[in-house]
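**Student:** Give me coordinates for this.
(one chain, ligands or ions: 1)
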Amino acid sequence: MPGVVIVGAQWGDEGKGKVTDLLADRADVIVRFQGGNNAGHTIVRDGEEFKFHLIPSGILHPDKTCVIGNGVVLDPSILLGEIDGLRRRGIDVGNLRISANAHLIMPYHVLLDTAGETKLGKLSIGTTRRGIGPCYADKALRLGIRVQDLLDEKILRAKIRAALEPKQQALRELSVQRRKLRKEAGEEPAKGAAEPTVEEVPDPRLDLHTMTEEHVSYGHRLEPHIADTARLCWDALDDDRTVIFEGAQATLLDLDHGTYPFVTSSNPIAGAACVGAGVGPTDIDEVWGIAKAYATRVGAGPFPTELHDEVGERMLERGHEFGTTTGRRRRCGWMDLIALRYAVRLNRMSALTITKLDVLSGIDPLRVAVRYRSKEGAVLDRFPYHQSILHSAEPEYEELPGFDADISECRSEADLPREARDYLRFIADFAGVPIRLVGVGPDREQVVWID
Ligand code: IMP
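**Tutor:** This is a model prediction of the structure:
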């Protein structure tokens, strides 16, 4: 500490929220630096469950400043819903700060995300349909609307008008294409029951006036939270106070380094914390990678160690592997150490947290992937950069003895069964990074600190 990045080491849902909440005990500022409400962080405190999509996981600490950084894409209606939900439960959100430079997810981004996925059909990415990709695309196109624009109705209206026109055009084309495809497939609905196109029935969500009014009112409500958040981070770091940079999604969903195109539209890796919060690389002192004791993935894309058997079912049920954001079933599989070692190096991790070790109790033997074999028979001991190789790579496993005991009450390394300790040691040795924290149950107290 003081600059600590928390990063997902797999395909997301590793339990970053819980670790952030724990490390927040020792921090002053917690910053989200990328992603949007595609994320879902669950924290369980004294049996009470909190789910966040946008608000940083430090919010349960009233004395900490929580920041939504410039790299986040923010749906204001969702954020206000979260703020209201927390207030109803008596949680103070007075310390929430939102970067004036963060981009807004607008209603047309959500419509485009869904329309784009529908058009892709079987080739769809399985996005969360929250408008993430279209919003980041507009940011790069310089057609984005930022949080600061909410505070000036004239600018807001002009920017929405400029952004809206190409969206209406795109949605119209997608709608026409969809009808054409349906017709070709003989799915044309009965006369009179045809699905209306954008041309026939203007979508009320795309009305310039309504959208502007609605967003002006969001601006009024969010104004007390809007700030120069990069400066806030600099002030904290310059005073030697600890800042946690909380990643969402994970390394293998990274737009540049993940399993493209089956990735999200931002950079969840540690390096992106600098851009998404506005600090320099030398402000980062530690990188904590979070991995589950097994692996999961939601949405489409390669997953070499995926299981389609009763062990995978067991992980799904015992681990409650259903998406926090979309409720979708997560695909489950063995721990993939080739992918983990890639994530360790890419993020230059200084520590690892292994979560949900308790879910593996009763599974014997345990398997971990230690190499892949290509379809031509070549041994691959590094994560392949070529998507076709990864798609057909077959994992080869090391078998390790499992453990039967219920470990949910373990609070020190010595409490863990020998097989569980050996499993952790094998992971740490292979990945080349020490494990500092192990999750043995959903509650924030259900952890084992190591060293
Ligand atoms: P998008 O981020 O909604 O565009 O979705 C792109 C891909 O990232 C899809 O496979 C999603 O399932 C996945 N994804 C996005 N956010 C999360 C997350 O928080 N956890 C796990 N997967 C995610």
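
**Student:** From the ligand, how far off is the closest residue to Q249 other than its chain neighbours?
**Tutor:** Nearest non-adjacent residue to Q249, counting by C-beta to C-beta, 6 or more residues apart in numbering: P268, 4.2 Å away. No exception for glycine: its C-beta is placed from N, CA and C like everyone else's. In this view, P268 and the ligand are 9 Å apart by C-beta to the nearest ligand atom, to the nearest Å.

**Student:** next one: I125
**Tutor:** 5 Å.

**Student:** Quick one: name the residues of the stretch 201-350 of the chain near the ligand.
**Tutor:** A248, Q249, L253, F262, T264, S265, V298, G299 (C-beta under 6 Å from any ligand atom).

**Student:** ok, now with 5 Å
**Tutor:** Within the stretch 201-350 of the chain, the positions adjacent to the ligand are Q249, L253, T264, V298, G299 by C-beta under 5 Å from any ligand atom.

**Student:** thinking again about what came up before, helix or strand: which one has the residue nearest to Q249?
**Tutor:** Using DSSP states H and E, P268 is not contained in any helix or strand.

**Student:** what does the stretch 51-200 of the chain put close to the ligand?
**Tutor:** G126, T127, T128, I132, G133.

**Student:** wait, the fourth one sits on G116?
**Tutor:** If I follow you right, that is I132. No: in this structure, I132 is not within contact of G116 by C-beta atoms under 8 Å, at 11.3 Å.

**Student:** what about the two, which has more around it?
**Tutor:** I132 (25 against 18; other C-beta atoms under 10 Å).

**Student:** list the contacts for the more buried one?
**Tutor:** Residues in contact with I132 (C-beta atoms under 8 Å, 6 or more residues apart in numbering) are G35, G36, N38, V73, I105, H109, D113, T264, S265, S266.

**Student:** Neighbour-wise, which one of those residues leads?
**Tutor:** Result: G36 is most packed of the contacts of I132 (other C-beta under 10 Å), 31 neighbours.

**Student:** any low-confidence regions in the chain?
**Tutor:** Scanning the chain for pLDDT under 70 picks out the ranges 1, 187-202.

**Student:** all helices of it, in order?
**Tutor:** Shown for the chain, the helices assigned by DSSP state H span residues 16-23, 76-88, 107-120, 132-141, 153-184, 208-222, 229-238, 272-277, 310-318, 337-347, 387-392, 418-431.

**Student:** In CSV, list these along with distance to Y372.
**Tutor:** Formatted as CSV, these follow (distance: least, C-beta to C-beta, whole Å):
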stretch, distance to Y372
helix 16-23, 26
helix 76-88, 39
helix 107-120, 27
helix 132-141, 29
helix 153-184, 37
helix 208-222, 47
helix 229-238, 39
helix 272-277, 27
helix 310-318, 19
helix 337-347, 6
helix 387-392, 8
helix 418-431, 14
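
**Student:** Next step: the contacts of I132 restricted to strands.
**Tutor:** Counted as lying in strands by DSSP state E, out of the contacts of I132, are V73.

**Student:** So for the residue of the chain found nearest the ligand, what's the nearest residue that isn't a sequence neighbour?
**Tutor:** When scored by C-beta to the nearest ligand atom, the chain has G299 as its residue closest to the ligand, at 2.2 Å. Using C-beta to C-beta, 6+ apart and skipping residues adjacent in sequence, the residue nearest G299 is G126, 3.0 Å away.

**Student:** for that neighbour, what are its contacts?
**Tutor:** The contact partners of G126, taken as C-beta under 8 Å, 6+ apart, are E117, F262, V298, G299, A300, G301, R328.

**Student:** repeat for D404
**Tutor:** Per C-beta under 8 Å, 6+ apart, neighbours of D404: S361, G362, D364, P417.

**Student:** just R97 next, same as before
**Tutor:** T65, C66, V67, I68, H225, I226, A227, T229, L232.

**Student:** In a markdown table: those, plus neighbour count.
**Tutor:** A markdown table is the format used below for the contacts of R97 (neighbours: other C-beta atoms under 10 Å):
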| residue | neighbour count |
| --- | --- |
| T65 | 23 |
| C66 | 25 |
| V67 | 32 |
| I68 | 26 |
| H225 | 20 |
| I226 | 18 |
| A227 | 17 |
| T229 | 25 |
| L232 | 20 |
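
**Student:** List just the nearest of those residues to L357.
**Tutor:** Taking C-beta to C-beta as the measure, L357 lies nearest C66 of the contacts of R97, at 28.5 Å.

**Student:** hang on, isn't that closest one packed against I55?
**Tutor:** Yes: proximity of C66 to I55 meets the contact threshold set by C-beta under 8 Å, at 6.6 Å.

**Student:** Just give the number of residues close to the residue of the chain closest to the ligand.
**Tutor:** 22.

**Student:** Also A414?
**Tutor:** Residues near A414, counting by other C-beta under 10 Å, number 8.

**Student:** ok, it to I6 distance?
**Tutor:** 27 Å (C-beta to C-beta, to the nearest Å).

**Student:** residues contacting L150?
**Tutor:** Counting by C-beta under 8 Å, 6+ apart, L150 has contacts P76, L104, L156, H215, V216, Y218, G219, L222, E223, I226.

**Student:** Can you tell me the number of residues neighbouring the fourth one?
**Tutor:** This points to H215. 22.

**Student:** you'd agree it is up against P76?
**Tutor:** Yes: contact criterion C-beta under 8 Å: H215 and P76 qualify, at 6.9 Å.

**Student:** any common contacting residues for those two?
**Tutor:** Counting by C-beta under 8 Å, 6+ apart, the shared contacts of H215 and P76 are L104, L150.

**Student:** For the nearest residue to Q148 once chain neighbours are set aside, give me phi and psi.
**Tutor:** Spatial nearest neighbour of Q148, chain neighbours left out: A100 (3.9 Å); criterion: C-beta to C-beta, 6+ apart. Main-chain dihedrals, A100, degrees, to the nearest 10: phi -70, psi -20.

**Student:** So what's the residue count around A100?
**Tutor:** Using other C-beta under 10 Å, A100 has 17 other residues around it.

**Student:** Return the distance of it relative to R205.
**Tutor:** Relative to R205, and taking C-beta to C-beta, A100 is found at 25 Å.

**Student:** cool, W449 as well?
**Tutor:** 48 Å.

**Student:** Over to L80?
**Tutor:** 17 Å.

**Student:** What of G40?
**Tutor:** For G40 relative to R205 (C-beta to C-beta), the value is 24 Å.

**Student:** Between those two, which has more neighbouring residues?
**Tutor:** G40 (18 against 13).

**Student:** Pull the contacting residues for the closest residue to that one other than its chain neighbours.
**Tutor:** In this structure, G40 finds its nearest non-sequential neighbour in T324, 2.6 Å apart by C-beta to C-beta, 6+ apart. Residues near T324 by C-beta under 8 Å, 6+ apart: D13, G40, H41, T42, K51, H53.
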